[in-house]
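Student: here is a sequence together with a model predicted from it:
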Amino acid sequence: MKRALFIGRFQPFHNAHLVDIKKVLKEADEVAIAIGSSREKNTLENPFSYNERKQMIVNALKKNKIKNYKIYPVPDLYNDKKWVEYIKKHLPRYDFVYSGNPWTLRCFKKFDSKVKKIKLIRGISSTIIRNRIVSGQDWQELVPKEIESYIKKINGVKRIKKIYSRL
């Protein structure tokens, strides 16, 4: 059985993440989804908690009838080698690492040679979504419907605007 490791912060989970997971599962039997910065929340780059991000992913994958995944928290360790070692020790064995983040790709290339870069979808990123929320622009089109509903349910729009207003 082939297992892929897909790493991201998912702040929030969006349409490109969903496309990426579907593509990964064409090459692997199972995907281990690593939620990075798992101890961070209520900050500019990490407004949502690990549990909130996990629930977003579960909601989107359930709606899309995707079952062959498991989700794992991955904290920031501020040391590239220790971070990769943590993942190897605490997550299940994997055959490939998928990410669109240049730093993540560099870390795994340096300490683990099984790296595959996902193709980023122009115009969709968590940063763009957060910025659109703050500026009152349409952000809903960039996330699955179940994510939009969940963000509204947990007062995510209000929280993000509050975080950004402190700047």
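Tutor: Received the coordinates, thanks.
Student: any chance of the backbone angles for residue 75?
Tutor: Here is the backbone geometry of residue 75 (degrees, to the nearest 10): phi -80, psi 160.
Student: so how far is residue 42 from the nearest residue to residue 63 once chain neighbours are set aside?
Tutor: Nearest residue to residue 63, sequence neighbours excluded (C-beta to C-beta, 6 or more residues apart in numbering): residue 146, at 5.1 Å. (Glycine included, C-beta is placed from N, CA and C.) Going from residue 146 to residue 42 by C-beta to C-beta, to the nearest Å gives 23 Å.
Student: more crowded one of these two?
Tutor: Per other C-beta atoms under 10 Å, whichever of residue 146 and residue 42 has more neighbours is residue 146, with 18 against 12.
Student: surely that one touches residue 64?
Tutor: No: taking C-beta atoms under 8 Å as the definition, residue 146 is not a contact partner of residue 64, at 9.3 Å.
Student: residue 4 and residue 32 touch, don't they?
Tutor: Yes: with contact taken as C-beta under 8 Å, residue 4 and residue 32 are classed as touching, separated by 7.1 Å.
Student: name the residues contacting each of these two.
Tutor: Residues touching both residue 4 and residue 32 by C-beta atoms under 8 Å, 6 or more residues apart in numbering: residue 94.
Student: look at these two and report which has more neighbours.
Tutor: Of the pair residue 4 and residue 32, residue 4 is the one with more neighbours under other C-beta under 10 Å, namely 23 against 20.
Student: doesn't the more buried one fall inside a strand?
Tutor: Yes: judged by DSSP: H, G, I helix; E, B strand; the rest coil, residue 4 forms part of a strand.
Student: excluding its backbone neighbours, what's nearest it?
Tutor: Residue 4 sits nearest to residue 28 (C-beta to C-beta, 6+ apart), 3.8 Å away.
Student: number of residues surrounding that neighbour?
Tutor: Residue 28 has 21 nearby residues by other C-beta under 10 Å.
Student: so what's it up against?
Tutor: Residue 28 neighbours (C-beta under 8 Å, 6+ apart): 2-4, 95-96.
Student: let's have these in JSON lines, adding distance to residue 80.
Tutor: Below are the contacts of residue 28 laid out as JSON lines (distance: C-beta to C-beta, whole Å):
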{"residue": "2", "distance to residue 80": "26"}
{"residue": "3", "distance to residue 80": "22"}
{"residue": "4", "distance to residue 80": "21"}
{"residue": "95", "distance to residue 80": "21"}
{"residue": "96", "distance to residue 80": "19"}
